[in-house]
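1. Predicted model and sequence below, questions to follow.
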Amino acid sequence: MRIHITDLIDGDILSTDTFNTYGLHVLSKGTPLSSCEISKLLQHQIDYVEIHSRVAEHVPMRTIESGLNPKWLPTVEPIYQNAVNGCEQLFQDALHNGRIQEADVIQSFQPLVDNFKMERDVVSMLLLLNTKDDYTYQHSVQVGMLAYYLASWLGYEEKQAVKIGQAGFLHDIGKCRIEDSILNKPERLTEQEYELVKQHTVYGHDIIQRSFGDTLHATVALEHHERTDGTGYPNRISGDDMHPVSKIVAVADVYSAMISSRVYQKKRDLLFVLRELYRMSFSELDPFTTHTFIKHMIPNFIGKRVVLTTGESGTIVMTHPSEFFRPLIQIDDQFFDLTVDRNLEVKHVYM
């Protein structure tokens, strides 16, 4: 049986020899898999392997919902939570001292990069780790990592991609000056409250500027809610005047906000979120940046279960590089190419 490596469990046995994309032999047929072997597959960027059928396969519910095997949790969850806690401490420092320390930013964010950079299924990783608690801090962590990934996909070198990830990590630091009663309000904000929240961009720019000077991080904090059509805030600048990294963080910011659970918002369907980003790329978000993000996120859906508009359930077996939202679906022994069957659409993706 063919299986994605994030769905492997201890005790699975390879049924064929495994090679990487360069043709190098990685693991032999008959190898029992444990965390060590699975880590080796990750390091060689192998997505799928062939294993012997399991005698009795029990998939925990959390795996079905997320797509990422819970056995990774003991490794990645503490790192993620430490970053969330570190972000909270940075907010407290910014509130009480008016500034933050660069060493604290690196200490909080760098372990994420070091431990998550090889993770291929970004979608599942974020959903599995995301909770309703500490939304502001979790959102900052997620935007930092998404900005790092997106910068890498856009061709930035590792050192610069990390710097961009840090800018994403700090993009909302100005919210430390907004009252929790407003930030966590379960109902729709009043116009006056919304105007107060919009000031977090100015506050963030001020905090970072006082901490590090007039840096990229300060620019991103100020501009991440600007929009290419000039409808954003605080200065209603257009895309030509936005820093390229602000455009990266804007995409990461919107995506993270839409997939997150909050007291007033349920998680949206993942394909719906990408469709919404695609729609926004023709007006509010930079199209090249947004389409690059979508192109790299869409392959994460391969192997995921879906429900079609007909009510039928199937599995995504292939995605298309141009028609992002019309994959090849397998239902039992039949295959349906949604680029051909234009009457069919994916209604919901099960992660």
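-> Sure, I can see it.
2. ok, so what distance separates Pro78 from Ile38?
-> Per Cβ to Cβ, to the nearest Å, Pro78 is found 19 Å from Ile38. For the C-beta atoms, the positions are set from N, CA and C on the backbone; glycine is no exception.
3. Settle it for me: which of those two has more neighbours?
-> Neighbours around Pro78 and Ile38, counted as other Cβ atoms under 10 Å, are more numerous at Ile38. The numbers are 22 against 12.
4. ok, the more buried one touching Ile3?
-> No: counting by Cβ atoms under 8 Å, Ile38 stays clear of Ile3, with 11.3 Å between them.
5. overlap in contacts of those two?
-> Taking Cβ atoms under 8 Å, 6 or more residues apart in numbering as the criterion, Ile38 and Ile3 do not both touch any residue.
6. tally of neighbours for Glu158?
-> Neighbours of Glu158 (other Cβ under 10 Å): 12.
7. Report the contact partners of it.
-> Taking Cβ under 8 Å, 6+ apart, we find Glu158 in contact with Ser152.
8. where does it land on pLDDT?
-> Looking at Glu158, its pLDDT stands at 95.
9. Compute the number of surrounding residues for Leu164.
-> Small correction: residue 164 is Ile, not Leu. Residues near Ile164, counting by other Cβ under 10 Å: 27.
10. Name the residues of the strand or helix carrying it that come out as buried.
-> Taking DSSP states H and E as the criterion, Ile164 maps to helix 158-169. Using 16 or more other Cβ atoms under 10 Å as the burial criterion, the residues of helix 158-169 that qualify are Ala161, Val162, Lys163, Ile164, Gly165, Gln166, Ala167, Gly168, Phe169.
11. and the chain, what are its domains?
-> 2-58, 70-298, 302-350 (automatic domain parsing).
12. Residue ranges in the stretch 101-250 of the chain under the pLDDT threshold?
-> By pLDDT under 70, the low-scoring segments of the stretch 101-250 of the chain are 118-121, 123-124, 126-128, 130-133.
13. Can you name the element that comes right after the helix holding Ile164?
-> helix 180-183.
14. Buried ones in that following helix, by neighbour count?
-> In terms of neighbour count (16+ other Cβ under 10 Å), helix 180-183 has its buried residues at Leu183.
15. Could you check how far Leu174 is from Ala94?
-> Not Leu; residue 174 is Gly. Separation of Gly174 from Ala94 (Cβ to Cβ): 8 Å.
16. Which neighbours do the two have in common?
-> Residues touching both Gly174 and Ala94 (Cβ under 8 Å, 6+ apart) are Ile207.
17. Next, count neighbours for the residue nearest to Leu328 when sequence neighbours are not counted.
-> Leaving aside its chain neighbours, Leu328 sits nearest to Met318 (4.0 Å; criterion: Cβ to Cβ, 6 or more residues apart in numbering). Applying other Cβ under 10 Å, we find 13 residues neighbouring Met318.
18. list the contacts for Met318?
-> Contacts for Met318 (Cβ under 8 Å, 6+ apart) come out as Ile302, Pro327, Leu328.
19. mind listing the helices in the protein by residue range?
-> Here the chain has its helices, by DSSP state H, at 35-43, 61-66, 73-97, 102-116, 122-129, 135-153, 158-169, 180-183, 191-198, 200-212, 216-223, 244-259, 270-280, 287-297.
20. report the angle between the axes of the fourth one and helix 216-223?
-> For helix 102-116 against helix 216-223, the angle by axes from the mean of the first three to the mean of the last three Cα atoms, to 10 degrees is 90 degrees.
21. so how far is helix 102-116 from its chain's centroid?
-> How far helix 102-116 lies from its chain's middle: 17 Å, per Cα atoms, centre = their mean, to the nearest Å.
22. Now that helix: buried residues?
-> Going by neighbour count (16+ other Cβ under 10 Å), the buried part of helix 102-116 is Val105, Ser108, Phe109, Pro111, Leu112, Val113, Phe116.
23. Verify the stated contact: the fourth one with Ala83.
-> This points to Pro111. Yes: with contact defined as Cβ under 8 Å, Pro111 reaches Ala83; the gap is 6.9 Å.
24. thinking Ala151 is in contact with Lys159, fair?
-> No: counting by Cβ under 8 Å, Ala151 sits too far from Lys159 to count as a contact (10.6 Å).
25. so who does the residue lying closest to Asp286 once chain neighbours are set aside touch?
-> Spatial nearest neighbour of Asp286, excluding adjacent residues (Cβ to Cβ, 6+ apart): Lys247 at 4.0 Å. Counting by Cβ under 8 Å, 6+ apart, Lys247 makes contact with Thr228, Gly239, Leu285, Asp286, Thr289.
26. Out of those, which comes closest to Leu274?
-> Among those, Leu285 lies closest to Leu274 (Cβ to Cβ), at 12.0 Å.
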